[in-house]
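Asks: Model the structure of this input:
(chains A, B, C and D)
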There are 2 protein chains.
Amino acid sequence: MSDLLRRLRGRGWRMTSQRRVVAEVLDGDHVHLTADEVHLRAAARLPEISRATVYNTLGELVALGEVVEVSTVGRAKRYDPNARNPHQHLVCSGCGTVRDVHPGGNALGDLPEEERFGFAVGSVEITYRGLCPGCA
Amino acid sequence: MSDLLRRLRGRGWRMTSQRRVVAEVLDGDHVHLTADEVHLRAAARLPEISRATVYNTLGELVALGEVVEVSTVGRAKRYDPNARNPHQHLVCSGCGTVRDVHPGGNALGDLPEEERFGFAVGSVEITYRGLCPGCA
DNA sequence: TTCAGTGCAAAAGATTTGCATAAAT
DNA sequence: ATTTATGCAAATCTTTTGCACTGAA
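Replies: Okay, here's the model as predicted:
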């Protein structure tokens, strides 16, 4: 069973065949799928699964903190199940492909208090943009 | 005349009343408008300007490197004319408001070569997410 | 049994596109 | 005169919503 699924079970998440398939599709450490790609792969195993359910389920996983939404410029959001291991993203401006990077040396410190303007800062997202070998 | 407009003139950008108005709306150092907001403000001065023209113009300004698209999670893109001064963004997860931040001390170094996977990295985007005082 | 989850289809929001017309150089 | 930009309306893509129905606990 996938790690994600095991964790969700442990948290008392109500299980259905649709939810199981979505969680299975999202298993792995370098997965960055769009909602539509998740639906496509889930439907390969469970043909009757609807887009609405995929969106609902993804939204819940995000709310639970088990999946992170990767922001995009114009393109569809991508969902990253590797929420436990902080990391950053290298995104191709051509095809939208996402790669994980872990630049050990230059991790970003917190935003200093005097730069927060009263915001309750919860997360930092760092994205490197450029062209992948295939698109260059 | 706005700085942006002056620069565009200098680059031989073909000028029209629509383009002028869009450039004027985008003038300033802490502007983060959506395409729709740009259209709204532009239309206040030039009622016949169309959304398509606003989108076209914004796309060109981005291609010229004069304006930066601020990525969002789900929401409409925002356009930031402050492309000359590298800075970062504090984004409210509640209302989508964007604030500029310049955390001097912890600027991010480049992504090391061995972490680039053959990508031609062109830019880094750093976004702090959280709730603004109003939404908290 | 009960309540949360699902599917469907329609709606909404953001952005793009095709094409005839208008305007800048 | 020539070339490029504009406006309109329709189309596309992504995501959300309302509601009756199904299935997990």
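Asks: Give the pairing partners of the lengthiest strand in chain A; include direction for each.
Replies: When chain A is parsed with DSSP state E, its longest strand is strand A:120-131. Partner strands for strand A:120-131, per DSSP bridges, with pairing direction: strand A:88-92 (parallel), strand B:120-131 (antiparallel).
Asks: Helix, strand, or coil at the residue lying closest to A:Asn82 once chain neighbours are set aside?
Replies: Spatial nearest neighbour of A:Asn82, chain neighbours left out: A:Asp29 (5.1 Å); criterion: C-beta to C-beta, 6 or more residues apart in numbering or on different chains. Where you see a C-beta, it was placed from the backbone N, CA and C, and this is true even at glycine. Here A:Asp29 is recorded as coil under DSSP: H, G, I helix; E, B strand; the rest coil.
Asks: neighbours around A:Val70, how many?
Replies: Under the neighbour criterion other C-beta atoms under 10 Å in any protein chain shown, A:Val70 is assigned a count of 20.
Asks: Show me what the closest residue to it other than its chain neighbours is bridged to.
Replies: Leaving aside its chain neighbours, A:Val70 sits nearest to A:Arg78 (4.2 Å; criterion: C-beta to C-beta, 6+ apart). In this entry, A:Arg78 is beta-bridged to A:Thr34, A:Val70, by DSSP bridges.
Asks: which residues touch A:Arg78?
Replies: A:Arg78 sits next to A:32-34, A:69-70, A:72, A:98 when contact means C-beta atoms under 8 Å, 6 or more residues apart in numbering or on different chains.
Asks: nearest to DNA strand D, of those residues?
Replies: The shortest approach to DNA strand D among the contacts of A:Arg78 belongs to A:Thr34, at 5.7 Å (C-beta to the nearest atom of the strand).
Asks: and that closest one, what pLDDT?
Replies: You'll see A:Thr34 listed with a pLDDT of 97.
Asks: quick one: A:Arg78 from B:Tyr79, how far?
Replies: 22 Å (C-beta to C-beta, to the nearest Å).
Asks: How many neighbouring residues does the residue nearest to A:Asn82 have?
Replies: Per other C-beta under 10 Å, the neighbour tally for A:Asp29 reads 12.
Asks: for chain A, longest helix please?
Replies: In chain A, assigned by DSSP state H, the helix with the most residues is helix A:51-63.
Asks: near DNA strand C, which residues of chain A show up?
Replies: Contacts of chain A with DNA strand C, taken as C-beta under 7 Å from any atom of the strand, map to A:14, A:16, A:18-19, A:46, A:48-53, A:56-57, A:74.
Asks: Can you tell me which residue is spatially central in chain A?
Replies: With distances taken as C-alpha atoms, centre = their mean, the residue of chain A nearest its centroid is A:Asp80 (1.8 Å).
Asks: Assess the claim that that one and A:Val67 are in contact.
Replies: Yes: here A:Asp80 reaches A:Val67: they are 6.5 Å apart, a contact under C-beta atoms under 8 Å.
Asks: Give me the distance between the residue in chain A sticking out farthest from the centre and B:Val101.
Replies: Ranked by distance from the centre of chain A (C-alpha atoms, centre = their mean), the top residue is A:Glu114, with 30.4 Å. For A:Glu114, the distance to B:Val101 (C-beta to C-beta) stands at 10 Å.
Asks: Touching stretch A:15-31 from outside, list them.
Replies: For stretch A:15-31, the external contacting residues (C-beta under 8 Å, 6+ apart) are A:2-5, A:8-9, A:13, A:33, A:38, A:41-42, A:45-46, A:49, A:53-54, A:57-58, A:61, A:67, A:79-82, A:85, A:99-100.
Asks: Please, a ChimeraX command that selects the buried ones among these?
Replies: If you want just the buried ones from those in ChimeraX, going by 16 or more other C-beta atoms under 10 Å in any protein chain shown, the selection is:
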select /A:4,5,8,13,33,38,41,42,49,53,54,57,58,61,67,79,80,81,82,99,100
